[in-house]
Structure formats: C-alpha cells, structure tokens
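S.K.: What follows is a protein structure lacking sequence information:
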C-alpha cells in the first residue's frame, strides 16, 4: 500500500476565476513546491467548508497556540506543531514530527517534568484555568463597541486623556485579536495532556479487551456534569418549566419565536416567570454555538434562538407524556461505577488491575477539561469575538465600505490584516476630514471573494495530499483527528471494493435504515425531518437537541473522541464517524443503512 | 448408589458417577439456569449391566489384554463386545429403573435426547471428543434403552479401547454415564462463548445460531448467524446474518432429518435483539457460577432460552494460564502516558 499516493499539492489547481481570492490568503498559507515532499490532509473536522478570509484567523491562532504548546511549552517528545496551508478555501494540515533520537531524549526529560506537573496538580490547575478563561471572557465583554463621534466629547479634554475615539478603534481591534490568540493558548494548555491521559486508558482497554467498543470505554470515562451537555439540559429544563407553568401551548413547530416571546410577556405572570427562566438559561449556557464555533456564521443560541426553540415542542410532548427527559445524573454515575467495576473484574492479573485503577483514575481526573473546555473556548469566547468583529462590520458598513448593497457580514470577507488596514483607512478619513478610500476599494473585492467561496463549495477537495507516510507517528494527529495509516489506506481504496459501502469508526452501535439527509452546513439543519439519518462533514455537541429527531448519524471526519461520537453515545444514537467521503458519495434522499457497531454505511437505494 | 439420578440431585463434583455432561447440567440447575428436565443413567447402572454381562463371559480382562498396536485384534474385539453390549438381554432392574424414570420425565410421551456423559477428565480432550454420542428425538422407552446401550458400547469402540491401552488406564475405573433429557422443540438453536473465540477477549459474548435444532450448528452443516455482544454493556457490535439454507428437524420415525429452509427465512436473523440479551444474561450467570468463561449450547423454544450444555472454554484458558500482564506495571500512571507520547520514537 505504501506506493499509493494522494495527488501532490502542486497538482491541485486553483479553480479558474478564483485566483485573486486564493492569492488574498496570507503568503504563509500558500502551497509552495517544497510542500510536495510532505503529507497533508484536509482538516474537514474543524474546517468543513471553504474559509472566509477573516475566519482563517481561527486556523492560524489555533495552530500558533498548538504549535507553541507542543513544541516549546509541554515539549511533546515526538510531535511538534501542525503546519497549515490553504487552497481553494480549504485548510490542509500536516504534522511536524521529531525523529532525531537525541532530540527525542532531550524532549522526553523536559516533557516528563512539565506534563508531570500538570497531571499531579490537575484539579487545582483546571480550577485556575476556569478562572483565567472567565476573566478573559469578562475582558472581551467589557470591550466597548467601536464608534466614531462627529466631535470628541468634552471629557476627552477635561479629563486629560486627550486620545480621540479613532485610536480606540485600533485599540479595541488589536485587543480583541490579542484576546482571541490568548484564548487559543488557554485552549491548548491542557488539551493534548488531557487527550493523552484518556487515550492511554483507551489503549490499555483495547489491549486488555481487544473487542471492546469505543463506546464502552468512553462510557467508563464520561463526565457527569460536563458543560457540553448543559445547554441541551437547559432546553429540557425550559420544556419542563413550560409545562409546569401551563404555558406550553405557546410552543409549536411552526411558531414565530418573536411572537411567542412577546405573547408570553403579555399574557400572564406565568409567562413572565418562564421568560425569567429563559434569561437564566441564556446566561451563560446559550452562548453555545450552533456550529463548531470555527466560522463567523456559527452563531450562538443567544444570537439565534431557532435551534433551542426547534427542540422545545418535542421535549414538551415528552414531558407531557410523563417522560423524565432530564439527565439522571445520580443514576448515570452509578452505572458508570458499575461498568468500571465489571470490566475490572474481567482482568486476569493483580498487575493489570493496578494499572487499570491508575489509568481510570487519571482519565477521570482529566476528562472534565476534555469535555468542558469547548464551551468556554470555541463557543462562548469565539462567539464574543466574532460579534465584536461584526460591530466593526457595522461601523464600516455605515461608512460605506461595503457599498450600497453591503451588509455587516461582509467584514468577514477581509483578512484580519485587511480589516486592520480598513480600520486605519477609516481612522485616517475621520481625522483628515475627507472620505475614506475603502468604499471605492472593497465592494468589488468582497463580491469577488463571495463568488469564489460559492464556487469552491461546489468542488469536492481530496481528503489528503502527497505521499502517505509508512506510519502516522504523530500522537497529536492520531488523537485529535483520528488519522491512522489504516484509515488513510481506506480513503485511498475507497470505491474499489464496494462502491456502495463506506467504512469509518464505529462510534455508537446499532443498525438503522433510513433516508439520508446530507447537510453540508449549519444553515441547512432545518431540512432534517423526524427519523432522517444525518450525513454531515462534522457535527458538534450543540446540534444535540436535533439528535432526538434523527435516527442515526454519519460524518466524514472524526475519531472515537470526536464530539459527534461523544454525543451520539450520550443519546445512544447509532453513528459512524470518519468515513472520509460520506457527504460526497451519499446523495441527499438516498436510502442508507448505518451499522454503528461495525462502522459501515451502505447505500441501499440511490436518490 | 442408585442407577438413576435427577439433574437437581447432582453437581459437577459428581462427575465420577454422572459424567461431565450430567454433572454440568445438574450444576446449571443449581445455578438457577433453565435446562430441559432430565436424569442421568449413572455409572452404577452401567456397572450393574456390565456385571451381568461379565457373569457370563469376561469383558474387561479382554480389553486389558489387548495390544493397542494390533488393529485387527482391536477391531475384532470391538465388534464382539459391541454386539454383546447391544444385543445381550438387559438387566431387568436397570431396565425397570430406566423405564420408570422415563415415565416420570415424560408422562406426556414427549421425545427425549440421549447423550453419553464421560466420567474421565481426558474425555474433554479433543482426542476423545469424537467418541461421545448424542441421539436426538428418541420416541419411546424401548428406543431410549437401545440408545443408552449404544452410549455404553461406545466405550468399546476401537479408538476408545486403543486410547486407554496406550495410556495404560485400568479398565476397572472405566464407565459411562448417560444423560436422558426432554427434547426441546427448538425454533432455533446454537452455541454461545462467553469470550471471543478469535481474540480471547473476555469482555464480549459470541453467539451463533440457526433455525431448528442446534445439531446443524455444532456439526457445521449450516453457516449460522453470528453476533458479538458486549458482555457488560449488551451492545451488539457485530451482526453477521448468513444464508441458512437448511435446518434439522425431528423425523416422524424418530431421529432427525434435514429440510430446506423457505426462501423468506433463509436470511432472516434467527434471534431478535431481546433473545440475544436474554442469552447474554444467561451466559453471564453461568460464567459467574463457574468463575470462568464458558462454551455453551443453547436452544430457543416457545418458552424462551434453555441451555443444553455448558463447559469451560479450554483453548484460550490454556493461553490465559501463561498470560503476562497486558502492560508492565508502573509506579505512576505518568509512565504509561509517556509510552503514548513517545509512541513514534520506538520505531
């Protein structure tokens, strides 16, 4: 198999007509001829859709932080950071591994000391981490909205600051960019170590019980109070409250949310009580993103209530039928402990039992972070971040930067550097007292980029580029992306064995046949009907209220620890993740069979 | 000792008198597992019968005198002894005891299964396994007695006698118990291992089954459906539903016959998920009772699942005995985590 190869980066052409939009990505993200020597894979797990130019900052800030932590902070012995490139709006990444034995030895010594400190003081460091994250969030919330008055208020003079508002634009922008980078550093402070501890337990279980399912292992480890489950729990709570308060009839499948909110405020005291409950849930739990939080259009529930409200009628019906829909935490803890004890009993030797005890203890210690960090980082903070950029969009729009037909969202068609230049253009113009250059400059560029993104989205992109290495020895890539030599081979083989069957990771067992609903972006989730099988590039825990509607789930990318896998197991929803090409090979409306135990998806009847 | 012992009266410790199969069925009854009712024709019955035969002409001394390398002599002796075991008049006491027991077991005249139940540990060896007999769908007491005598006679087959001579086993201790058990009208039947036969994994249960009597699965004449279940979680991780072309069913004249399966059931799973979970519960219970993984034969009739046999799994058990820990013990979990982070460096 080693002679097999994906297309070389140099052979991937920029789609005609999009050359300028491609060239606008930073120079350090463009493929160069030397990149043919390396192996790259499409990071469709985090970036399943073509990137708006501003949104590239998410990739960049994340890889700055991940690289710094792997290479220089924790000093992972064999893995440094992850390089990234962009072509046709798609993000390709490749790991940098350490192979020199002397360097590895040196790094082992460093890593032991550094990682050891984290593992030994995990709980207190994690508490400290939450404090840091909350302070960072508060800082972002405290940033004022950028605005330019006609005249500076008198206080600028009387209070002695004498720095005009135009300077604040730059300050707010730079502070927000700085904060976003800092958030990603916090994100990676524990991530690899957390995954590492979990994967070590995982690996032990796979050796001791070769046929154990990923699902069983993660059930032994799953946290009970994790933030990841909380937003959905809040929706369930609100459903229960609606029934208790007798206002449940307001929530129907075809409701207008604004009308419901207005009616509840008008009609009764009970309605007002429910609205107060809603407020309680919204802060902070509805700061969860309806996407993965990697794109500016992954809006939070607070920005768009349609996702939690779409789930309310279903939950209300269950509450009225007498079903207890809220997570039975005490029972789940008891089941988890029983599971841990039952597997322990199957081990043959005292030594194994001692190792098992050590590793499950460590896994339980790290797991709250593994499950919980995403809420603070990718959801809450990222949402604040993009909303702040949106405020700049509003300001630039008001000053004509996006033309007469522009919208504030157009701001995301500029790179972070271009946005800063536009801000400076505006600062200059405001000070000079003449018109800014932007209104004549940006609208054509924005139109061109919008067209390019639409074009790129129509073209599938290869799952990987370059020669497949003999072994994927990068533990970081194995852990975070589930990329192994085996699944690369299967991506290469795809279609030669059985064109109607796809293989992936068995995420949650169960066999289901049904209609495939191929959903390529968050905006399409409204098309999902009761009982459909969701086929997507990647999903995210906040889609979980939808999981009550679907009968199974399939994704292009993701390992056993991907969020789709975790949530599928929580909902006991048959799921296959990491199939590589499901959204390309399965057509919307096709009849498919998902075997979540085997990790296979069969196309029974094409649409 | 009595010539007849009911399942509920015996356990695995009674192996010397009721044999491995009889003892294990008794043990299952004790563990609260559903097995078809039955009794064991103990070694006392065999000894009584043999004593009556020997009163006329010797048997054991002839076997002891046999040269295991003289195949012709062994064949001649086997034929001669077999004729006597099957053809000589039956001891009346034993005959009465057997008939009474059968009457008590099947006042409704239902058919029974007759199976040999060897008393020696060696009988579990593969070398001996083929020497065990099973007769299904035995219809009346005359046939039942005939099949019991067949089981006894199997002790004097060429293979069995030469094996004992080569091992130098004293003939005085050689006896055979026989199990007589109500026949299950199996809708489907098969085997269950409380570990993986392929990897030895103790955390899964493997179930194989096909339509009709279990004999088609045990003999390998039908490719059975196969499932792998998490022993603890119950999740069904593998389902291989095969094309089950035929099934074995009772023949009107007694015994069994193979019939073609209708097209609509050939590729239908023979067990539902509920059936699989019920079998898993039984499998776990038996394994807990014995304290080790089991190799089980089961059948499903209208009232649910029953076990026909359970014995310790042997292939992987031998490997377990020599097994090293999964990973070497470390003072701190950190050392294990290091292994993961340096995985690439070892190559």
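M.R.: Received the coordinates, thanks. Bear in mind that the values here come from a model prediction, so they are computed numbers and not experimental data.

S.K.: So which residue is dead centre in the chain?
M.R.: As the question left the chain open, I've gone with chain A. residue A:292 (3.0 Å; CA atoms, centre = their mean).

S.K.: Wait, chain B was what I had in mind.
M.R.: residue B:309 (4.9 Å).

S.K.: Roughly how far does that one sit from residue B:188?
M.R.: Distance from residue B:309 to residue B:188, counting by CB to CB, to the nearest Å: 16 Å. In short, each C-beta sits where N, CA and C put it, glycine included.

S.K.: got it, and residue A:579?
M.R.: When residue A:579 is compared with residue B:188 (using CB to CB), they lie 34 Å apart.

S.K.: same deal with residue A:234?
M.R.: The spacing between residue A:234 and residue B:188, counted by CB to CB, is 48 Å.

S.K.: and the residue nearest to the centre of chain A, helix, strand or coil?
M.R.: Following DSSP: H, G, I helix; E, B strand; the rest coil, residue A:292 is assigned to coil.

S.K.: Where does the prediction get shaky in chain B?
M.R.: For chain B, the stretches flagged by pLDDT under 70 are B:121-132, B:344-347.

S.K.: How about the stretch 1-150 of chain B: which residue is closest to chain A?
M.R.: Across the stretch 1-150 of chain B, no residue is closer to chain A than residue B:31, which sits at 17.8 Å (CB to the nearest CB).

S.K.: And for that residue, the neighbour number?
M.R.: 17 (other CB atoms under 10 Å in any protein chain shown).

S.K.: any idea which helix or strand carries the residue nearest to it when sequence neighbours are not counted?
M.R.: Leaving aside its sequence neighbours, residue B:31 sits nearest to residue B:289 (CB to CB, 6 or more residues apart in numbering or on different chains; 3.9 Å). Taking DSSP states H and E as the criterion, residue B:289 maps to helix B:273-290.

S.K.: Remind me which helix or strand the residue nearest to residue A:164 when sequence neighbours are not counted belongs to.
M.R.: Leaving aside its chain neighbours, residue A:164 sits nearest to residue A:152 (5.3 Å; criterion: CB to CB, 6+ apart). Under the criterion DSSP H and E, no helix or strand holds residue A:152.

S.K.: quick one: residue A:152 and residue A:166 touch, right?
M.R.: No. Using CB atoms under 8 Å, residue A:152 is not in contact with residue A:166, being 9.5 Å away.

S.K.: where do the strands sit along the chain?
M.R.: No chain specified, so I'll use chain A. Assigned by DSSP state E, chain A shows strands spanning A:40-42, A:79-87, A:90-97, A:464-465, A:501-503, A:505-508, A:511-519, A:533-536, A:552-555, A:575-577, A:591-595, A:600-605.

S.K.: wrong chain, I was asking about chain B
M.R.: Along chain B, counting by DSSP E, strands occupy B:4-6, B:38-41, B:112-118, B:134-138, B:176-182, B:188-193, B:204-211, B:225-230, B:236-240, B:246-250, B:256-260, B:294-301, B:304-312.

S.K.: and those as JSON lines, adding distance to residue A:207?
M.R.: Formatted as JSON lines, the strands of chain B follow (distance: least, CB to CB, whole Å):
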{"stretch": "strand B:4-6", "distance to residue A:207": "46"}
{"stretch": "strand B:38-41", "distance to residue A:207": "43"}
{"stretch": "strand B:112-118", "distance to residue A:207": "38"}
{"stretch": "strand B:134-138", "distance to residue A:207": "39"}
{"stretch": "strand B:176-182", "distance to residue A:207": "41"}
{"stretch": "strand B:188-193", "distance to residue A:207": "20"}
{"stretch": "strand B:204-211", "distance to residue A:207": "15"}
{"stretch": "strand B:225-230", "distance to residue A:207": "17"}
{"stretch": "strand B:236-240", "distance to residue A:207": "17"}
{"stretch": "strand B:246-250", "distance to residue A:207": "40"}
{"stretch": "strand B:256-260", "distance to residue A:207": "43"}
{"stretch": "strand B:294-301", "distance to residue A:207": "24"}
{"stretch": "strand B:304-312", "distance to residue A:207": "24"}
